[in-house]
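Visitor: Sequence and predicted structure, then a few things I'm wondering about:
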Amino acid sequence: MDLNAISALVSGGASGLGEATARELASAGATVVVADLNAERGEAVAKEIGGVFVRTDVSQEDQVKAAVQAAVDTGKPFRVAVSCAGIGWATRTVDRSGNPHDLDSYQKVIQVNLIGTFNVLRLAAAEIAKTEPVNEDGERGSIVNTASLAGIEGQIGQIAYSSSKGGVIGMTLPAARDLAAVGITVNTIAPGILETPIYGEGEAAEEFKRRLAAPVPFPKRLGTAEEFGRLARALLEISYVNGEVVRIDGALRMPPK
């Protein structure tokens, strides 16, 4: 699908993978709605790429509706949604002192990562389905979700995060089949260890990233947000890739810890 002269929604678009994706889509000619909780950074990114910022908690229906409406209100046909918003949490199911995993934190991760992704998918798809098809295949748009290798090969302490990302992986094929009737493709990217601002800066951060990269077969480094953005763009543009979970991990397979 041609991304030029359309509107797109990117959740988590103010930083990291979402920001890189927003910039990539803008470079293809899309008008991007940057949906994020970080207003200062989100507004700056939107201004730089000629897009629109909407403060958005993806777990809240009214806020996602507002972000979707902003994409519709650009005047460009709304055809793309990419979900990059997410949070992480590391706690064992039962810790070394015998305490069980906190239920509230588990529910929070599920609420944002899994339910938030579904919230964007369902509300965006309903609006995309109202547009006119762009070709003889009946294509109207495309949605890309973000999971993680943790959803496939979760490590010790990742039970909440892995549950949420595994759920995103699990929704991919049913969503693609559901939305085939209205000409919308659905794919999910499962990143390995990608470099984002979460790791911080300085020599200690660089040393930590070198240790993270050590088990990656090739290239022996962390992936970049820009590589993620280019992959997201490819999945949006190549319509025959549908219902897939695509790893971007340098052939990494996660050890237990």
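Guide: Ah, there it is. Numbering: from 1, shown residues only.

Visitor: contacts for the strand or helix carrying Ala204?
Guide: Assessed by DSSP states H and E, Ala204 sits inside helix 203-213. The contact list for helix 203-213 (C-beta atoms under 8 Å, 6 or more residues apart in numbering) reads 193, 195, 199, 220-222. For every residue, glycine as well, the C-beta is placed using N, CA and C.

Visitor: Which SSE is immediately downstream of it?
Guide: Per DSSP H and E, the first helix or strand lying C-terminal to helix 203-213 is strand 223-224.

Visitor: That following strand pairs with which strands?
Guide: strand 194-195 (parallel) (DSSP bridges).

Visitor: could you give the mean pLDDT of the partner strand?
Guide: Mean per-residue pLDDT for strand 194-195: 90.

Visitor: list the contacts for the residue sitting nearest the centre point of the chain?
Guide: For the chain, the residue sitting closest to the mean C-alpha position, by C-alpha atoms, centre = their mean, is Cys84 at 2.5 Å. By C-beta under 8 Å, 6+ apart, Cys84 lies in contact with 10-13, 16-18, 21, 146.

Visitor: swap in Ala160?
Guide: By C-beta under 8 Å, 6+ apart, the residues touching Ala160 are 89, 91, 101, 105-106, 109-110.

Visitor: try 7 Å
Guide: 89, 91, 105-106, 109 (C-beta atoms under 7 Å, 6 or more residues apart in numbering).

Visitor: any chance of the residues you listed in CSV, plus neighbour count, secondary structure and distance to Glu40?
Guide: Shown next, in CSV, are those (neighbours: other C-beta atoms under 10 Å; DSSP: H, G, I helix; E, B strand; the rest coil; distance: C-beta to C-beta, whole Å):
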residue, neighbour count, secondary structure, distance to Glu40
Trp89, 18, coil, 25
Thr91, 18, strand, 30
Ser105, 14, helix, 26
Tyr106, 18, helix, 30
Val109, 23, helix, 25
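
Visitor: Show me which of these is closest to Asn135.
Guide: Comparing these against Asn135 with C-beta to C-beta places Val109 closest, at 38.8 Å.
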